[in-house]
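# any chance you could fold what I've pasted below:
(one chain, ligands or ions: 1)
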Amino acid sequence: MDSRRILHLDMDAFFASVEIRDDPSLAGKPVIIGNNPRGVVSAASYEARKYGVRSAMPVMRAKKLCPHGVFLSGHGRRYGEVSREIMAVVHDFSPLVEQTSVDEAYVDLTGLARLHGTPLAIARAMKARIRQETGLTASVGIAPNKYLAKVASDLDKPDGIYIVDPEMVEAFLSTLAIDKVPGIGPKTQAMLARYQVRFAGDIRRFPLEFWKERFGEKGGEFLWRRGCGVSDSPVCPDFEPKSSGAENTFEADVSDPEVLKAWLLHQAERVGRDLRKDGYFGRTVTLKVKSADFTVKTRSLSLPEPVCDTQSLFEAAARLLAAMALPAKVRLIGLSVSNFSRGSRQLSLFEEPGGGRRQRLDSTLDAILDRFGKSAVIRGRLFDFASKRGQGR
Ligand SMILES: [Mg+2]
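Numbers count the residues shown, from 1 in each chain. The predicted structure is shown next:
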């Protein structure tokens with residue numbers, strides 16, 4: 001039996017939920033993303049689904065089913081930004097993440113128990129953090145493979161967690177309606193109905209050879225595996241990082257730019273350390289600021305050459321912060337680096353006196369952190385700030 005533990009995450013009515021979050025007057029209304037009369041619906045809120053509106057349905061048909069619905073064109077870039085925030089949270093739990101769409105991902109949890117607790121605890125923590133950082137709900141399915149995890153994430157929507165333990169697979173399949181099985185379309189369903197196959201588990205009432213004779217070698221095998229709940233498809237993560245970042249959501253909104261700067265230094269420290277550990281240098285520094293109403297602003301600048309030292313990262317982020325028209329109340333601040341190159345440090349950094357000093361400082365601090373852990377060293381500037389405010393971190 002498959003002893004893996006695969007989690008499938010799926011945001012609830014993703015595009016519609018982002019629109020409702022950004023415009024609370026839409027709450028409780030049937031919101032439909034898709035406003036082109038010749039186009040199709042790309043998302044529907046749960047209120048709209050009560051009228052039979054579904055994604056991929058022609059907009060004209062949705063308008064007939066739900067004439068009083070709120071039809072919106074949608075904000076693709078915004079969804080992309082929120083998607084990146086969600087995936088950043090997911091990556092905090094495991095490096096084995098395979099993102100399959102803007103709002104769906106598989107995570108291989110096998111062996112994570114000691115680090116993060118039971119699958120249920122991981123699902124709860126992941127959902128809570130996504131909610132905290134984006135204001136949105138997600139549904140999670142956990143099962144021994146991707147196929148069953150994907151099915152499970154759909155069974156307790158919205159805001160649900162559905163876990164299929166390995167010993168429950170057979171019972172689970174015996175009540176899983178055949179139209180919920182991925183890869184089995186209406187045509188196959190109609191053919192299966194001739195053999196009284198109504199649930200996935202019913203497939204096993206006939207031997208593998210029976211299905212191969214009727215659906216061919218590959219098709220028969222596929223059906224059989226669906227019926228047995230077997231799938232060995234691995235979670236395929238995108239290993240090469242495209243960016244490295246750190247961000248913090250504040251418990252109380254912040255309006256003092258000096259406080260924000262102190263957090264940026266803290267983040268530059270974390271990001272710089274990660275870069276140095278993995279041997280990466282980044283040229284583009286991005287500052288992200290989220291206001292109390294969830295509006296996100298990002299600003300980037302590209303440095304003349306790739307860096308990995310804390311001071312350079314902090315200075316770039318501080319420049320971006322100074323140039324940005326800050327919202328009155330900041331909910332989150334983040335710093336990230338992208339545009340990576342790998343390998344040996346640019347020579348000019350050694351030649352420049354300041355660069356050499358910075359590098360020595362970083363390697364000293366890294367060595368101390370390695371030995372004594374996170375809280376052992378706080379850079380002078382951050383320390384001054386912390387003691388002045390009377391709040392550590
Ligand atoms: Mg979804």
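# how many residues are close by the residue in the stretch 201-350 of the chain positioned nearest to the ion?
Proximity to the ion, evaluated over the stretch 201-350 of the chain using C-beta to the ion, is greatest for Val235 at 18.2 Å. All C-beta spots, glycine's among them, are computed from the backbone N, C-alpha and C. A total of 22 residues lie near Val235 under the criterion other C-beta atoms under 10 Å.
# contacts only, for it.
Ile6, Leu96, Val97, Glu98, Tyr106, Val107, Asp108, Lys146 (C-beta atoms under 8 Å, 6 or more residues apart in numbering).
# repeat that for Gly160.
Contacts of Gly160 (C-beta under 8 Å, 6+ apart): Ser139, Val140, Ser153.
# try Val18
Taking C-beta under 8 Å, 6+ apart as the test, what Val18 contacts is His75, Arg78, Tyr79, Val82, Leu136.
# which ones among those map onto helices?
Arg78, Tyr79, Val82 (DSSP state H).
# from these, list just the buried residues.
Among these, those buried by neighbour count (16 or more other C-beta atoms under 10 Å) are Arg78, Tyr79, Val82.
# the ion contacts on the stretch 51-200 of the chain?
Asp103 (C-beta under 5 Å from the ion).
# so how many other residues sit close to Ser101?
If we define neighbours as other C-beta under 10 Å, then Ser101 has 10 of them.
# and if you look at Phe199?
16.
# looking at it, it is touching Ser174, isn't it?
Yes - using C-beta atoms under 8 Å, Phe199 is in contact with Ser174, at 5.8 Å.
# and the residue of the chain most remote from its centre, what pLDDT?
If you look at how far each residue of the chain sits from its centre, by C-alpha atoms, centre = their mean, the farthest one is Glu213, at 42.3 Å. According to the prediction, Glu213 has pLDDT 96.
# got the contact list for it?
Gly220.
# helix/strand/coil for it?
Under DSSP: H, G, I helix; E, B strand; the rest coil, Glu213 falls in the helix class.
# how close does it sit to Thr286?
The gap separating Glu213 from Thr286 is 58 Å, by C-beta to C-beta, to the nearest Å.
# got it, and Lys218?
For Lys218, the distance to Thr286 - C-beta to C-beta - is 46 Å.
# which one's more surrounded, those two?
Between Lys218 and Thr286, counted using other C-beta under 10 Å, Thr286 has the larger neighbour count: 20 against 9.
# now do the more buried one against Val151, distance only.
37 Å.
# now do Ser73
32 Å.
# more neighbours: which of these two?
Val151 (23 against 11).
# wait, what's in contact with that one?
Counted by C-beta under 8 Å, 6+ apart, Val151 has contacts Gly141, Ala143, Leu176, Lys180, Val181, Pro182.
# helix or strand: which one has the residue nearest to the last one when sequence neighbours are not counted?
Same thing as Pro182. Excluding its sequence neighbours, the residue lying closest to Pro182 (C-beta to C-beta, 6 or more residues apart in numbering) is Lys150, at 6.1 Å. In the assignment (DSSP states H and E), Lys150 maps to helix 146-153.
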